[in-house]
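1. Provided below are the primary sequence and the corresponding predicted coordinates.
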Amino acid sequence: MSISPDQNSPAWQILEHLQRNPSATIKDLEVLLGVTTTAVRQHLNALQASGYLERREERSGVGRPRHIYAATEAARELFACRCDLLALTMLQEMYGMVGAEQMDALLKRVGARLADRYAETVTAGGLQNRVEELAGAMGRQGVLTDISSVDDDTIVLKMYNCPYHELAFAHREICEMDQQMIEQVLGTDVAHDDCIMDGHGSCTFVITPSHRLELELEP
């Protein structure tokens, strides 16, 4: 079964749901797609046969276990943001040629350059709006995101696929670069909590207003 990134495709909607969530039941997917159990099973059987899904049993209290479905590594690969192959290879080679100090300086410059590009589309006055604009810009680059508010002052930005997956897996400094880039774009404090590289379902960035942002937004 060939999967294309068509957001209207039921198969793609199932896989994107499982990219954002650790697992789903048939009932969950009925609600998601608005179709019958039979139709959901047909999509699941096709995705499972193609190696994109695995079915597990989950016990909850007394009674028969229920079946849940989870994405496989093959499915997660579909959502990997593909860095330009030449750029990725060059960075990998540079890691082997220069010392840690020079590489740290280079990554700061790369992060600043990325921040400048994202900043072109992040122009809103309020922090919530700025985060939404940044998430939209990331989405156009193929990054799956969600935004939620913890309270009036704290916003959580989640990324469900890593733009630099292969490189970040070997060099966690890339994660620090990403955090600093987001801080620079938003002009405020950002903490990197959960990380995909640690086996979590998403990279979670906790965003709080800082004096820097207040100064920036003053008329």
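-> Nice, thanks for sending it over.

2. mind listing what's buried in stretch 92-107?
-> Neighbour-count burial for stretch 92-107 flags 95, 103, 106, 107 (criterion: 16 or more other Cβ atoms under 10 Å). C-beta: built from backbone N, CA, C; applies to glycine.

3. which parts of the chain are strands?
-> In the chain, the strands defined using DSSP state E lie at 53-58, 66-71, 145-149, 155-159, 189-192, 203-208.

4. nearest to residue 20, of the ones you listed?
-> strand 145-149 (6.9 Å; Cβ to Cβ).

5. could you list the domains of the protein?
-> 10-78, 85-217 (automatic domain parsing).

6. now do the shortest one: distance from first to last residue.
-> Right, domain 10-78. One end of domain 10-78 sits 15 Å from the other (Cα to Cα, to the nearest Å).

7. next one: that domain to chain centre, how far?
-> Its chain's C-alpha centre and that of domain 10-78 lie 20 Å apart, by Cα atoms, centre = their mean, to the nearest Å.

8. follow-up on the earlier one: let's have the strands of the chain in CSV, adding distance to residue 176, mean neighbour count and mean pLDDT.
-> Output for these, formatted as CSV (distance: least, Cβ to Cβ, whole Å; neighbours: other Cβ atoms under 10 Å; pLDDT from 0 to 100):
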stretch, distance to residue 176, mean neighbour count, mean pLDDT
strand 53-58, 33, 14, 91
strand 66-71, 27, 17, 92
strand 145-149, 19, 14, 93
strand 155-159, 15, 21, 95
strand 189-192, 8, 16, 94
strand 203-208, 12, 20, 94
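
9. for those, give me a markdown table that also has distance to residue 177.
-> Output for the strands of the chain, formatted as a markdown table (distance: least, Cβ to Cβ, whole Å):
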| stretch | distance to residue 177 |
| --- | --- |
| strand 53-58 | 33 |
| strand 66-71 | 27 |
| strand 145-149 | 18 |
| strand 155-159 | 14 |
| strand 189-192 | 11 |
| strand 203-208 | 12 |
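
10. which one, of the ones you listed, ends up nearest to residue 47?
-> strand 53-58 (4.5 Å).

11. parallel or antiparallel, list what pairs with that closest one.
-> strand 66-71 (antiparallel) (DSSP bridges).

12. packing partners of the longest helix seen in the chain?
-> Taking DSSP state H as the criterion, the chain has its longest helix at helix 100-119. Applying 3 or more Cβ pairs under 8 Å, 6 or more residues apart in numbering; DSSP states H and E, one finds that helix 100-119 contacts helix 85-97, helix 127-140, helix 173-186.

13. that one: how far from the chain's middle?
-> That offset, for helix 100-119, works out to 20 Å (Cα atoms, centre = their mean).

14. tell me the angle of that helix relative to helix 173-186?
-> 40 degrees (axes from the mean of the first three to the mean of the last three Cα atoms, to 10 degrees).
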